[in-house]
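Engineer: Provided below for reference: sequence and predicted model.
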Amino acid sequence: MNMTKHALSRLQQRIASVAPSKKYDDYNFMYDMKAGSILRAQQTKQKRWKMEVRLSLCSWRRNPRKVKIILILCPKMKTIITLWISSLR
């Protein structure tokens, strides 16, 4: 899955701030997405997809951090347009 520059910068701003190594990048994010669970998916009026995903961050070995992320995907579900965190535990 590809990420736009905007989504990548949002990822670095939001998730990297809670990752202990401060080096949480798109590779780590895609690794976590493979083990993540999709909670909800719906198509918007603009034919984009809005998905809510629960992730465990791989950079937290001792105390895993659980994050709920909302993704906006392109109509073909190949590119993440933007993302934001809805909750962090």
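Structural biologist: That came through, no problem.

Engineer: Show me what the lengthiest strand in the chain is packed up against.
Structural biologist: In the chain, ranked by residue count with DSSP state E as the criterion, the top strand is strand 79-88. Where contact means 3 or more C-beta pairs under 8 Å, 6 or more residues apart in numbering; DSSP states H and E, strand 79-88 is packed against strand 2-3, helix 5-14, strand 66-73. Backbone N, C-alpha and C define where each C-beta goes, glycine included.

Engineer: got a list of what the spatially most central residue of the chain touches?
Structural biologist: The centre of the chain sits closest to residue 69, judged by C-alpha atoms, centre = their mean, with a distance of 5.2 Å. For residue 69, the residues meeting the contact criterion (C-beta atoms under 8 Å, 6 or more residues apart in numbering) are 15, 52-55, 83-86.

Engineer: same deal with residue 81?
Structural biologist: By C-beta under 8 Å, 6+ apart, residue 81 lies in contact with 4, 6-7, 48, 72-74.

Engineer: switch to 6 Å and redo it
Structural biologist: Shown in contact with residue 81 (C-beta atoms under 6 Å, 6 or more residues apart in numbering): 4, 72.

Engineer: Start the count at 52 instead of 1 going forward.
Structural biologist: Right, with 52 as the first residue, what we last looked at is residue 132.

Engineer: distance of the residue of the chain most remote from its centre from residue 52?
Structural biologist: Relative to the average C-alpha location in the chain, and by C-alpha atoms, centre = their mean, no residue lies farther out than residue 96, which sits at 21.7 Å. Taking C-beta to C-beta, to the nearest Å as the measure, residue 96 and residue 52 are separated by 23 Å.

Engineer: ok so, going back, parallel or antiparallel, list what pairs with the longest strand of the chain.
Structural biologist: Applying DSSP bridges, strand 130-139 is found paired with strand 53-54 (parallel), strand 117-124 (antiparallel).
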